[in-house]
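Visitor: Model the following, please.
(one chain, ligands or ions: 1)
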Amino acid sequence: MASRTVCRGAVLGSLVLALLAGPAHALDRRPDPAASTALPVPDTAGLSRVLRMALTQGAPGAMARIDDHRTVFNDHATVYRATEGVADRRTADAMDTADRFRIGSVTKTFSAVVLLQLAAEGRLSLDTSVNHYLPGLLPDNRITVRHILSHRSGLYDYANDMFAKTVSGFEAVRTKVFTYRQLVARSLQHPRTHAPGAVYAYSNTNFVVAGMLVEKLTGHSVRTEYQNRIIRPLKLADTFYVHPDTKIPGRHAHGYLTPDQAGAALVDATDQTVSWAQSAGALISSTRDLNTFLSALLGGRLLPAAQLAQMERWIPAGTAQAYGLGLRRRDLSCGVSVYGHTGAVQGYYTYAFTSKDGRRSLTALANTSNNTNVHLTMLRALESAFCGKQAKVRSAIPFTDDMENDLSL
Ligand code: HEL
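Guide: Modelled structure (predicted):
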């Protein structure tokens, strides 16, 4: 049964308190209230229209949550929630913003934060060769950590081959467990796409290498480092790295992969190891936790100012888009830029972005993937959340995007 809700309410200040308490690098960069005062009020009716449109285009369900610290009353942030459709087609359970889901490449921002914290601690230099830390891993000593985190290494994206056939490609890896080295080896079966540093070319291989760096430098799994450096300090109760387990813990939205053949039945892709992605895409989270994470990051409470500035050194990455270090910037129609990441893992499209000061965050999810129409529609949730009624994008958005570029969707 389909359901639709839009709630505008106040939530207790646990999020605010978590941000104020902050982890080790806390409180060196307070948000500038003036920066978000300029943001238009979110268009919640427009947001619901976006979600309903995604359903007409084939998504079983869609949801969004905005946490707006611009309007804080007695430690209460304003929270907007919108849901449409179902989280589970079998039970017809309605989508709920408390549902957990697979966040795909939003994981890359978590991996980048861990590496930038290590840089802040003097344990990693961004402009040092990856092979210095992982001798012999890559065929070119000129590939640096910065090239990896900004998708400028030239390492081919092994996912292009893996998922050339959408459903059979997915089923072939659904329960597989890869080592990082096996994934890098798949990439290296292909020539590099360009010389190190030359251009931006999105590749999952980069963030597999990022995971290897985390594990080599800390001596711990990425799971432990996500936990100790991000999940626990920010009290992210819905965020998990369960690889190689296949289940999403607790209440969650099912994810439905769209086959390439028009009219073919959706494939429930919820259970999988996500071993093909690991540190490039295997985290599970929720709308609340991703909003907390990005608010903390852009609010300066996860990284010292110097490392956040490195993360925000932008390289053009398509129309009205740029890429930093594990961080996307999208330039919206009203002149506002937002910061975060998108994710496309089988069955789930995720959009997690925040304002420059981290004081307004949006996370949106459609529980389908391999559906370009749904993707283009869901991107408009950003316009509703950050441009409000000033959004100038009313129909299809003419832009180039990694989704089209890399996956030929
Ligand atoms: S792709 C992206 C997105 N990123 C990259 C990563 C992620 N996800 C993948 O690499 C998954 C590829 C297969 C996805 C699958 C589907 O739609 O479920 N598509 C096919 O199999 C097509 N044949 C750049 C879009 C990102 O936004 O960063 O997440």
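Visitor: Confidence-wise, which helix or strand of the chain is lowest on average?
Guide: Within the chain, no helix or strand scores below helix 14-21, which has a mean of 28 by mean pLDDT, DSSP states H and E.
Visitor: and stretch 356-375, which residues are buried?
Guide: Judged by neighbour count using 16 or more other Cβ atoms under 10 Å, the buried positions of stretch 356-375 are 356-371, 373-375. In short, each C-beta sits where N, CA and C put it, glycine included.
Visitor: So which of the residues you listed are in helices?
Guide: Asn373, Val374, His375 (DSSP state H).
Visitor: quick one: the last one and Tyr351 touch, right?
Guide: No. Between His375 and Tyr351 no contact is recorded; they are 9.1 Å apart, counting by Cβ atoms under 8 Å.
Visitor: returning to what we had before: the buried residues of stretch 356-375 in strands, which ones?
Guide: Arg360, Ser361, Leu362, Thr363, Ala364, Leu365, Ala366, Thr368, Ser369 (DSSP state E).
Visitor: Format those residues as a markdown table; extra columns: pLDDT.
Guide: Listed next are these as a markdown table, based on pLDDT from 0 to 100:
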| residue | pLDDT |
| --- | --- |
| Arg360 | 97 |
| Ser361 | 98 |
| Leu362 | 98 |
| Thr363 | 99 |
| Ala364 | 99 |
| Leu365 | 99 |
| Ala366 | 99 |
| Thr368 | 99 |
| Ser369 | 98 |
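Visitor: of those residues, list those near the ligand.
Guide: Ser369 (Cβ under 6 Å from any ligand atom).
Visitor: from the ones in strands among the buried residues of stretch 356-375, which is closest to Arg223?
Guide: Closest approach to Arg223 among these (Cβ to Cβ): Thr363, at 21.7 Å.
Visitor: Identify the residues contacting that closest one.
Guide: Counting by Cβ atoms under 8 Å, 6 or more residues apart in numbering, Thr363 makes contact with Ala64, Arg65, Ser286, Thr287, Arg288, Leu290, Asn291, Thr350, Tyr351, Ala352, Phe353.
Visitor: Filter these down to the buried ones and express that as a PyMOL selection.
Guide: Buried subset of the contacts of Thr363, written as a PyMOL selection, criterion 16+ other Cβ under 10 Å:
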select buried, resi 64+65+286+287+288+290+291+350+351+352+353
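Visitor: export the contacts of Thr363 to TSV and tack on distance to Phe170, secondary structure and pLDDT?
Guide: Converted to TSV, the contacts of Thr363 look like this (distance: Cβ to Cβ, whole Å; DSSP: H, G, I helix; E, B strand; the rest coil; pLDDT from 0 to 100):
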residue	distance to Phe170	secondary structure	pLDDT
Ala64	26	strand	99
Arg65	28	strand	98
Ser286	23	coil	99
Thr287	25	helix	98
Arg288	28	helix	98
Leu290	24	helix	98
Asn291	29	helix	98
Thr350	17	strand	99
Tyr351	21	strand	99
Ala352	23	strand	99
Phe353	27	strand	98
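Visitor: could the contacts of Thr363 go into CSV alongside distance to Thr239?
Guide: Shown next, in CSV, are the contacts of Thr363 (distance: Cβ to Cβ, whole Å):
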residue, distance to Thr239
Ala64, 18
Arg65, 14
Ser286, 7
Thr287, 11
Arg288, 10
Leu290, 8
Asn291, 12
Thr350, 13
Tyr351, 17
Ala352, 12
Phe353, 17
